[in-house]
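Novice: Show me how the following folds:
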Amino acid sequence: MPALNMCSVLFVGGGQREMGEEESGFVDMEWCLALPKIELHAHLNGSVRDATLLELAKDLGNKGVLVFSDVEHVIKKSDRSLAECFKLFDLIHIITTDHATVSRITKEVVEDFAAENVVYLELRTTPKTNETIGMTKSSYVEAVMKGLRAVETVEVVLSPCASTLEPEPSTSVNDASTKKKQGRIFVCLLLSIDRRETTASAMETVQLALKMRNQGVVGLDLSGNPITGDWITFLPALSCAREQGLPITLHCGEVRNPKEIKAMLEFCPERIGHACCLEDEEWKMLKSLNIPVEICLTSNVRTNSISSLHDHHFGLSKAQMFELSRGAIRHIFAQDGVKAFLNEVFDSAQTGLLWRK
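Specialist: Next comes the predicted model:
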């Protein structure tokens, strides 16, 4: 299972309401597993298996890079505050800084999502550099691509960015003839700008995304510790991406920051993530601009951003959860042909799911 299980659904407009007992079916795990899922807020480093992290950390401990006993409890802790999550991410950055490890965790993460019946995955990751081993942002992303090609349990299909001028066919990147493979998962990459980066570094990520927009990179993400960095630092790079037609999603409202939240909403990105700390006026602005929200149910509860699922943005019946999941297709960053295929997947699943008790 992913270490942080960053599950997300999409919410556009509407208000909050109470969830009655008859509507609590959305916590039925068997039904949730059977539901085809559109995953729009998955961090590569936030989805690494605990077992893999422990194995890699132990190996680095044996090499004297870190003290394993100091980090073991950090990895094993299941419920973390938002601040503790970023401490874990700092540890993961230390553990996953070579090409082979990046490829390995990519393979495992995609196989884990496919096992949970995710049919479309936008996987976001921050391209990293490591001069000691010759890692550049470009070679980092190639290591991610290598991991996609290594997936064994499911056919992996890449789609070009929806903003590509000439529509191009989606492409299977691994050996689809292998008998072990069951089903298909569309995987698209979002390159993330970390809030610790400089304007120049952010611009480098934008240029890399533009270069790879026909190779499975479909957009940009701004993420990282929400109390670090200043929105104005990243605005030039994000504006450049917008001018070139790259879709953008922003981590917004993870903590209270009215000035930044307002500026992000005024930028009018294609989507925002989390939106846990928006006040009424900010919600009105968001809805008036019709900006979809990636609501990260498990993440928000585990990091104590929201006290429980019942206290989240809304309560949903199974029928509403199904339509919300299907509705997310409209806001993916892939091309129209992928959207048509995904709608057929939901059409096929609808009758059985909505009649299941």
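Novice: quick one: contacts for the spatially closest residue to residue 61 that is not a sequence neighbour?
Specialist: Leaving aside its sequence neighbours, residue 61 sits nearest to residue 68 (Cβ to Cβ, 6 or more residues apart in numbering; 3.2 Å). (Glycine included, C-beta is placed from N, CA and C.) Neighbouring residues of residue 68 by Cβ atoms under 8 Å, 6 or more residues apart in numbering: 57, 58, 60, 61, 62.
Novice: can you rerun that using 10 Å?
Specialist: 54, 57, 58, 59, 60, 61, 62, 75 (Cβ atoms under 10 Å, 6 or more residues apart in numbering).
Novice: got it, and residue 114?
Specialist: By Cβ under 10 Å, 6+ apart, the residues touching residue 114 are 121, 151, 153, 154, 155, 156, 181, 182, 183, 184, 185, 187.
Novice: which SSE is it in?
Specialist: helix 99-115 (DSSP states H and E).
Novice: Residue 33 now?
Specialist: helix 29-34.
Novice: just the helices in the stretch 1-150 of the chain please.
Specialist: Assigned helices in the stretch 1-150 of the chain, in chain order: 29-34, 50-62, 68-76, 82-95, 99-115, 137-149 (criterion: DSSP state H, counting those that start in this stretch).
Novice: picking up where we left off before, so which of the contacts of residue 114 are in helices?
Specialist: Applying DSSP state H to those, no entry is found in helices.
Novice: for this structure, longest strand please?
Specialist: When the chain is parsed with DSSP state E, its longest strand is strand 184-194.
Novice: The next helix or strand after that one packs against which elements?
Specialist: Downstream of strand 184-194, the next assigned helix or strand under DSSP H and E is helix 199-211. Under the contact criterion of 3 or more Cβ pairs under 10 Å, 6 or more residues apart in numbering; DSSP states H and E, helix 199-211 touches helix 137-149, strand 184-194, strand 217-223, helix 231-243.
Novice: Of those, flag the one that's most buried.
Specialist: Highest mean neighbour count of these: strand 217-223, a mean of 26 (counted as mean count of other Cβ atoms under 10 Å).
Novice: Can you dump the C-alpha atoms of that one in PDB for me?
Specialist: Taking Å, rounded to 0.1, in the frame of the first residue of the first chain, the C-alpha atoms of strand 217-223 are listed here in PDB:
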ATOM      1  CA  VAL A 217       4.100  14.900 -19.400                       C
ATOM      2  CA  VAL A 218       0.700  16.600 -19.400                       C
ATOM      3  CA  GLY A 219       1.100  19.500 -17.000                       C
ATOM      4  CA  LEU A 220       2.700  21.300 -14.100                       C
ATOM      5  CA  ASP A 221       2.100  21.200 -10.300                       C
ATOM      6  CA  LEU A 222       3.200  23.600  -7.600                       C
ATOM      7  CA  SER A 223       3.700  21.800  -4.300                       C
END
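Novice: Residue 57 touches residue 101, doesn't it?
Specialist: No - contact criterion Cβ atoms under 10 Å: residue 57 and residue 101 do not qualify, at 11.3 Å.
Novice: Overlap of the contact sets of these two?
Specialist: Common neighbours of residue 57 and residue 101 are listed as residue 95 (criterion: Cβ under 10 Å, 6+ apart).
Novice: about what we covered before: same list as before, the helices of the stretch 1-150 of the chain that is, but in JSON lines and with distance to residue 196 and mean pLDDT included.
Specialist: Output for the helices of the stretch 1-150 of the chain, formatted as JSON lines (distance: least, Cβ to Cβ, whole Å; pLDDT from 0 to 100):
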{"stretch": "helix 29-34", "distance to residue 196": "35", "mean pLDDT": "86"}
{"stretch": "helix 50-62", "distance to residue 196": "21", "mean pLDDT": "92"}
{"stretch": "helix 68-76", "distance to residue 196": "20", "mean pLDDT": "83"}
{"stretch": "helix 82-95", "distance to residue 196": "10", "mean pLDDT": "77"}
{"stretch": "helix 99-115", "distance to residue 196": "19", "mean pLDDT": "97"}
{"stretch": "helix 137-149", "distance to residue 196": "15", "mean pLDDT": "97"}
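Novice: can you put those in TSV and add distance to residue 212?
Specialist: Listed next are the helices of the stretch 1-150 of the chain as TSV, based on distance: least, Cβ to Cβ, whole Å:
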stretch	distance to residue 212
helix 29-34	33
helix 50-62	26
helix 68-76	31
helix 82-95	22
helix 99-115	15
helix 137-149	7
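Novice: Quick one, which of the ones you listed gets closest to residue 197.
Specialist: Among the helices of the stretch 1-150 of the chain, helix 137-149 comes nearest to residue 197, with 10.7 Å by Cβ to Cβ.
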